[in-house]
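Enquirer: Sequence plus the predicted model coming up.
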Amino acid sequence: KLLTMKMLLSLIALLSVALLANAAPPTCYSRVLSLSKEITESFKELRTSKAVDSCVEMLPRLYLDIHNYCVLAKLRDFVAYPRCERVLEVSELKEKARSLYTIMISYCRRDLVFLTDDCSALENPILPRIEPS
């Protein structure tokens, strides 16, 4: 009976640690990474949407790699792009891009490491190849 009680307490302790680990607040890096992926995906969906306004086709490409120093200029250019103010989805995307830029230059400035400054990589990203199975 004592052995069962110890095992039960050990299991409860282990589950508590697992729950606490999942409840940890996001780091600056994880927040920037998730927001950049969210913005990139939203942009792709916007470009492929059937109900898209013609101005969306003229928007600058928005592929974001937070490890590339040029991403800061890319975000600035996208937010400052003068067209499509009347398209709600574009305004929302610009607001997210503005937030990401602010987080990167203000809150996470010391936490981020840029591995490259290849601006053309943000224009023509090399997508991972999918190997046939």
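Expert: Perfect, thanks for sending it.
Enquirer: With adjacent residues omitted, what lies nearest to the residue positioned nearest the centre of the chain?
Expert: With distances taken as Cα atoms, centre = their mean, residue 36 lies nearest the centre of the chain, 2.1 Å away. Closest residue to residue 36 apart from its sequence neighbours, by Cβ to Cβ, 6 or more residues apart in numbering: residue 64 at 4.2 Å. (C-beta placed from N, C-alpha, C; glycine too.)
Enquirer: contacting residues for the one you found?
Expert: Shown in contact with residue 64 (Cβ atoms under 8 Å, 6 or more residues apart in numbering): 36, 37, 39, 40, 71, 74, 75, 100, 122.
Enquirer: what's the closest of those residues to residue 60?
Expert: Sorting the contacts of residue 64 by how near they are to residue 60, with Cβ to Cβ, puts residue 74 at the top with 7.7 Å.
Enquirer: Quick check: which element contains that closest one?
Expert: Residue 74 is part of helix 71-80 when elements are defined by DSSP states H and E.
Enquirer: Now find how far off-centre that helix is within its chain.
Expert: In this view, helix 71-80 has its centroid 14 Å away from the chain centroid, taken as Cα atoms, centre = their mean, to the nearest Å.
Enquirer: Mind checking the pLDDT average for it?
Expert: Mean pLDDT, helix 71-80: 91.
Enquirer: hmm, back to that, just the buried residues of the host helix or strand of the residue nearest to the centre of the chain, please?
Expert: If you go by DSSP H and E, residue 36 is part of helix 28-48. For helix 28-48, a neighbour-count test (16 or more other Cβ atoms under 10 Å) marks 31, 32, 33, 35, 36, 39, 42, 43, 46 as buried.
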